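Colleague: Just a sequence and a predicted model for now, questions to come.
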Amino acid sequence: METTIDPIRNDLSQPKPKRRFEFSRTIGIAEILIAAALAVGLALIFQTILASSAAYDETAYLNVASTWYRTGKQESITRMGSPLTFWKLQQVPTLWFLDALNLSAWVDDPIEHQSQVLTAIRAGSTWLWVVAFAITTLWARLLYGRAAAAAAAWLVALGPNLIAHASIATMEIPVTAAIAATTLLYWRYLQDRDRRFLWGSAAVAGIAFSCKFTTAVFVPILFLVDSIDRAFDHKRRTRDSAVEIVKNSILYIAIFLLSNVLITGFSRVPLSEVRGRHPFVEARLGARAAAIVDRLVEIPLPSDWVGFATQINHQRTGGPSYLLGERRMHGWRSYYIIAFLVKTPPAILVLLIARFFFNPEGSSRRKDRILPMIALLFLAIASAGSTRNYGVRYLLPVAPLTIVWLSGLAASNRLGRSALIAAIVGVAVSTASIHPYELSYFNILAGGAEGGKTILSDSNLDWGQGLRSLAKLQSEYPEFRDITIYYFGDVEPRRYKVFGIAYVIRATSLPRDLPAALSAKTRYVGVSRSLAYGPWGPEGYFDRLKNIKPVVVSPDHTFAIYLTEDLRRRPSEVEKR
């Protein structure tokens, strides 16, 4: 009789009528290591939470959540081009808890109390990271066994980019957890062709879509992967497979849309914010056609669908992007590849290459080949289609399945297992080099955060999160309180006890009193790195700083402080001095 490899025990066993995944009830070294990884990961996240101020858009989401919690109004977030669910998952439990503690003033005016409220919100939202951690660990165990699960747990717990975004209240971790669940269920469907997992994947995908609209890219990717997987299965008839994929895709999309409508509470808004005549439509279609279209754009539609349409329009028009010292409005196709190479720990880059040479026994039967397929297809689509290049964070949804695939080395030979252990140590070293400022992480190949500033900007380095770091610097060196600050963000620096004159430069607006040229009447000038090296602020306004060495850089590398008198000197004089 033919023997098979059991997916959990990785040993020889008799074939079973139907494949099942079973777990031992005993607690061993692997389970202890997983628990330790969870504790270490949470400790790192909490330390990072306390080290940073509000990142860009965090205050906007905070205000939206508070308003909805008190009044039920939420249309403003749809008009921004963002979904409805991620911020509810992150913030509503904590807002309820604050109310229960008689801290209603914090809930009523979260912006005024943001340094306290946002810290509580961030801490309360770490449960979503725990969900992503659990899904990744479970998937690794289902595929490769206990040792792989422990390895995956440590890669999640120590990864600098996952820590960075788990410590702020934005949409990255909610969508990462939801996409991990979506792809896990789809993989289970491919294992046994049990449609219950297919419909479960569709339902979770609808929730993921309400966490970030990037999910829309994954739906066609999953069916493309299914087609490729069937091509490997020579027993299936091509024509029958094609018909089945079409049927499944139609039902999948229907469940996906229904799930999204349910999770958003049947919330609806019209495409147009105004009623009556729409001159924009009339100018392009003529009066007769406009009369019909005018009524159509005023029909209420599911809110997330309208938000998705708004986001598509944002992508069509582009946005300020920065790469290798150049600014653009429509980005680069190489952006995400470069971002991945400089923001990923070198140990992971090496491990990705090694993984192609060390396949666990029975990999083809486990269908683990779909994991790198999904990741690579997503990277290709993101590179080809995105016109708004803002950060490596857009690649985070494929981090869990990539980690699961890498954990397969635990089920390979001794050399493969050794490479995996060495990589975990390497990731720990990378994170230790920047902790607790993981959002500013760049690997050693990029020259660290200081070298990275000339490669990438925005949420890769300085997303406005550096006010606490600057306040700490001023506390230790009071002379830096005599300063004029040019800050990129949407927060008033005083809310984090930062001293000095401040000009807050937002992504969409400039302060009315911004000087015509970079200047200051104080002894020092502090400038956000996303202004000196990035797409924000007036064109060329901060270029002179590239020839001036700062007196000091803030601990998280988001601010550089210069002597004001150096702004008036010629570059040669500054260098000589």
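Modeller: That came in fine, so what should we check first? Because the structure is a prediction, the values reported are computed rather than measured.

Colleague: alpha carbons only for contacts and neighbour counts from here, please
Modeller: Fine.

Colleague: Check the gap between residue 128 and residue 311 for me.
Modeller: Going from residue 128 to residue 311 by Cα to Cα, to the nearest Å gives 24 Å.

Colleague: Show me which residues of stretch 383-396 are buried.
Modeller: Neighbour counts over stretch 383-396 (16 or more other Cα atoms under 10 Å) mark 383, 386, 387, 388, 389, 390, 391, 392, 393, 394, 395, 396 as buried.

Colleague: For that stretch, give the mean pLDDT please.
Modeller: For stretch 383-396, mean pLDDT rounds to 88.

Colleague: The stretch 201-350 of the chain: helices as residue ranges?
Modeller: Applying DSSP state H, counting those that start in this stretch to the stretch 201-350 of the chain gives helices spanning 215-232, 238-263, 279-285, 287-296, 303-317, 335-343, 346-355.

Colleague: The ones you listed into a markdown table, with extra columns for mean pLDDT and mean neighbour count?
Modeller: Output for these, formatted as a markdown table (pLDDT from 0 to 100; neighbours: other Cα atoms under 10 Å):
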| stretch | mean pLDDT | mean neighbour count |
| --- | --- | --- |
| helix 215-232 | 91 | 17 |
| helix 238-263 | 90 | 16 |
| helix 279-285 | 62 | 13 |
| helix 287-296 | 66 | 14 |
| helix 303-317 | 91 | 19 |
| helix 335-343 | 96 | 21 |
| helix 346-355 | 96 | 17 |
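
Colleague: Distance to residue 329 added to those, as a markdown table?
Modeller: What follows is the helices of the stretch 201-350 of the chain, written out as a markdown table (distance: least, Cα to Cα, whole Å):
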| stretch | distance to residue 329 |
| --- | --- |
| helix 215-232 | 22 |
| helix 238-263 | 31 |
| helix 279-285 | 23 |
| helix 287-296 | 30 |
| helix 303-317 | 8 |
| helix 335-343 | 13 |
| helix 346-355 | 30 |
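
Colleague: which one of the ones you listed lies closest to residue 458?
Modeller: Residue 458 sits nearest to helix 335-343 of all the helices of the stretch 201-350 of the chain, at 11.7 Å, using Cα to Cα.

Colleague: what residues does the closest one touch?
Modeller: Here helix 335-343 makes contact (Cα atoms under 8 Å, 6 or more residues apart in numbering) with 161, 323, 349, 379, 382-383, 389, 391-392, 395, 441-443, 445-446, 452, 456, 460.

Colleague: Also stretch 536-548?
Modeller: Residues outside stretch 536-548 that contact it (Cα under 8 Å, 6+ apart) are 320, 488, 505-507, 510, 517-518, 530-532, 562, 566-567, 571, 574-575.

Colleague: mind checking how far that stretch is from the chain centre?
Modeller: 28 Å (Cα atoms, centre = their mean, to the nearest Å).

Colleague: Mind listing what's buried along that stretch?
Modeller: So, applying 16+ other Cα under 10 Å, buried residues of stretch 536-548: 536, 537, 542, 545, 548.

Colleague: Likewise for stretch 429-445?
Modeller: When neighbours are counted by 16+ other Cα under 10 Å, the buried residues of stretch 429-445 are found to be 430-431, 433-444.

Colleague: Of the contacts of stretch 536-548, keep whichever come out buried.
Modeller: Buried members of the contacts of stretch 536-548, counted by 16+ other Cα under 10 Å: 320, 488, 505, 506, 530, 531, 532, 562, 566, 567, 571.

Colleague: Show me which of those residues is closest to residue 426.
Modeller: residue 530 (28.5 Å).

Colleague: Could you report the pLDDT at that closest one?
Modeller: Note for residue 530: predicted pLDDT of 94.

Colleague: can you confirm it is in a helix?
Modeller: Yes. Counting by DSSP: H, G, I helix; E, B strand; the rest coil, residue 530 is located in a helix.

Colleague: Renumber starting at 21 from here on
Modeller: New numbering, starting at 21: the last item is residue 550.

Colleague: residue contacts, it?
Modeller: 477, 478, 481, 482, 483, 508, 556, 578.

Colleague: The fifth one reaches residue 509, doesn't it?
Modeller: Yep, that's residue 483 we're talking about. Yes. Between residue 483 and residue 509 there is a contact at 6.9 Å, judged by Cα atoms under 8 Å.

Colleague: which neighbours do those two share?
Modeller: 75, 76.

Colleague: quick one on the thing from earlier: go through the buried ones among the contacts of stretch 556-568 and name the one nearest residue 81.
Modeller: residue 526 (15.6 Å).
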